[in-house]
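# no FASTA, just this:
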Ligand SMILES: [Zn+2]
Ligand SMILES: [Zn+2]
């Protein structure tokens, strides 16, 4: 890089110059913190507008790929960027170089719009170490308050089921949040199934004008009925996780080989899925080949086989380790046939690559392309044909970046100097317990 030559270490400073050197470090750090505020504002907007949603699973994954941050640091940037969106005072203090990124990172773990001003005062007064300790104490207080709340919610759970005078059964209840989420997910799934069934029957017969579309509340009631029916029919057993998420697809061989070919791709319950989805599910699955005669009767059922045999899968995991999509590397992966087995693609190491669920979908259903170069390297392209490099080229830095930062901050009228970020602390002992009692809104002593 061209800029390296400008940073050859200067000859040792004479002792008297050390103060000046320290001031320079402090001033440049304030400039960097001010620039970090700008960087976080850009990340916040990029994240909110979904700029990363081009095959990446999250804004942090994109940052890791594009900027070269490790995933932990990238997640932290995104977290702080989002938090500062609702904490304007902390954001401004960072933008003025008044408190460091390290302090803002710590404070955003606990700050809310209500407590921001108090915590900013702590940030201005204390050293980074003080703030770490205060934030730890603060979280302890938050956790105690949360634990009290969770205990209360659990104790308050209840479901009342009774019949009114006409015999209509009335429900009223309170569920803890995670149990409620489970119920909502189950109701959603049941509603979806009922909706699919309704579509199938509506397609078969002309619509009945006397039947008004059910309201949301009526749909929920129907969904609950289906849940009850299903639970009694299958026995009340949550099952092993593998069984719970197992998906069975029935697909016609021609449709699997060529998505443009007409043919059936249906889930066990009759729900249709796209041919490309069935190709994805078949990429790495157990396979049972059945032959039907012209009347649709099954005449032959072959033994169940894995599309990727266990020994080959071990070799594949050993070679690829994680998802091969640029910037991903996730460990929960599926085997992908670069050329699908239904099209005659061989199940060999060179025709296989590991992809996570998200990127397996990207390659099958979202138009991302993947091929293997003669030298064995994988090459990914986005749907518009652009190459997705494993590591993007770093932008070129022109001139002295420090002068660039200074000039930019000067132009914004931001005055930064060696004392900008100096805490107000004068060396007194920090009493964390007392500080939390005074500062935390839920502190009981006060
Ligand atoms: Zn695949
Ligand atoms: Zn992936």
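Ah, there it is. None of the values given here were measured: they were computed from a predicted structure. Residues are numbered from 1 along each chain as shown. Ligands and ions are numbered 1, 2, ... in the order given.
# ok, which residues in the stretch 251-400 of the chain are in contact with ligand 2?
323, 325, 328, 330, 356, 359 (CB under 5 Å from the ion). Bear in mind the C-beta positions are built from the backbone N, C-alpha and C, glycine included.
# let's go with 8 Å and repeat that
Contacts of the stretch 251-400 of the chain with ligand 2, taken as CB under 8 Å from the ion, map to 322-325, 328-330, 333, 355-360, 362.
# Which ones, among those residues, also lie beside ligand 1?
355, 360.
# Please indicate which of the residues of the stretch 251-400 of the chain next to ligand 2 are buried?
323-325, 328-330, 333, 355-356, 358-360, 362 (16 or more other CB atoms under 10 Å).
# out of the residues you listed, which are inside strands?
Of those, the ones assigned to strands by DSSP state E are 333, 355-356.
# Mind telling me what element the nearest residue to residue 355 once chain neighbours are set aside is part of?
Among residues not flanking residue 355 along the chain, residue 336 sits closest, at 4.7 Å (CB to CB, 6 or more residues apart in numbering). For residue 336, the host element (DSSP states H and E) is strand 333-337.
# can you check residue 316 too?
Counting by DSSP H and E, residue 316 is part of helix 310-320.
# chain center to that helix: distance?
27 Å (CA atoms, centre = their mean, to the nearest Å).
# Going by neighbour count, list what's buried in that helix.
312-313, 316, 320.
# And stretch 28-44, by the same measure?
Buried, per 16+ other CB under 10 Å, within stretch 28-44: 29-37, 40-41, 43-44.
# and if you look at stretch 78-91?
Here stretch 78-91 shows 78, 80-84, 87, 89-91 as buried, counting by 16+ other CB under 10 Å.
# cool, and stretch 399-409?
Across stretch 399-409, burial judged by 16+ other CB under 10 Å covers 402, 405-406, 409.
# How about the residue nearest the centre of the chain, nearest residue that isn't a chain neighbour?
Residue closest to the mean C-alpha point of the chain, counted by CA atoms, centre = their mean, is residue 58 at 5.0 Å. Ranked by CB to CB, 6+ apart and with sequence neighbours excluded, the top spatial neighbour of residue 58 is residue 52, at 6.7 Å.
# can you tell me which residues contact the one you found?
For residue 52, the contact set (CB atoms under 8 Å, 6 or more residues apart in numbering) comprises 46, 58-59, 61-63.
# repeat that with 10 Å
43, 46, 58-63, 65-66, 78, 327 (CB atoms under 10 Å, 6 or more residues apart in numbering).
# just the residues you listed now: which is nearest ligand 1?
residue 327 (19.0 Å; CB to the ion).
# Which neighbouring elements make contact with the host helix or strand of residue 141?
Assigned by DSSP H and E, residue 141 belongs to helix 128-155. Under the contact definition 3 or more CB pairs under 10 Å, 6 or more residues apart in numbering; DSSP states H and E, helix 128-155 sits against helix 101-107, helix 116-125, helix 177-204, helix 432-439.
# Which strands and helices lie in contact with whichever helix or strand comes after it?
The C-terminal neighbour of helix 128-155 among helices and strands, as given by DSSP H and E, is strand 158-163. The contact analysis (3+ CB pairs under 10 Å, 6+ apart) places strand 158-163 against strand 169-174.
# any residues touching the strand it packs on, and which ones?
153, 156-164, 180, 183, 221, 224.
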